[in-house]
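**Student:** pasted the sequence and its predicted model underneath.
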Amino acid sequence: MKSEELINVCQAVTHGHERYVRNLTRNTEGKVIHCRDDCLEVEVNGQRQTWRFEEDLTVPLRA
């Protein structure tokens, strides 16, 4: 994800808006729960996962 897209997703989540992302490495989609300095916390099928920026290629999806 480009840094501008990441900033937009994290700002939206911080302000209470739902944002979804696709992990191209794991071929999974999930809802962003929390943004951290080096990762996203994402809910996938009711379970929380941590997707690290350097390991997991993600793209934003529509809210």
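**Tutor:** Happy to help now that I have it. Residues are numbered from 1 along each chain as shown.
**Student:** residue 9 touches residue 35, doesn't it?
**Tutor:** Yes: here residue 9 reaches residue 35: they are 7.3 Å apart, a contact under Cβ atoms under 8 Å. Glycine gets a C-beta too; all of them are placed from N, C-alpha and C.
**Student:** of those two, who's got more company?
**Tutor:** Between residue 9 and residue 35, counted using other Cβ atoms under 10 Å, residue 9 has the larger neighbour count: 22 against 18.
**Student:** who's in contact with that one?
**Tutor:** 1, 19, 21, 32, 35, 40, 60 (Cβ atoms under 8 Å, 6 or more residues apart in numbering).
**Student:** next, the third one: secondary structure please.
**Tutor:** Right, the one you point to is residue 21. strand (DSSP: H, G, I helix; E, B strand; the rest coil).
**Student:** quick check: closest non-adjacent residue to it.
**Tutor:** Leaving aside its sequence neighbours, residue 21 sits nearest to residue 58 (Cβ to Cβ, 6 or more residues apart in numbering; 4.6 Å).
**Student:** quick one: residues contacting the one you found.
**Tutor:** Contacts of residue 58 by Cβ under 8 Å, 6+ apart are 1, 21, 22, 23, 24, 40, 51.
**Student:** how about the helix-or-strand element of the chain with minimal mean pLDDT: buried residues?
**Tutor:** Lowest by mean pLDDT, DSSP states H and E among the helices and strands of the chain is strand 58-61, with a mean of 81. For strand 58-61, burial by neighbour count (16 or more other Cβ atoms under 10 Å) applies to 58, 60.
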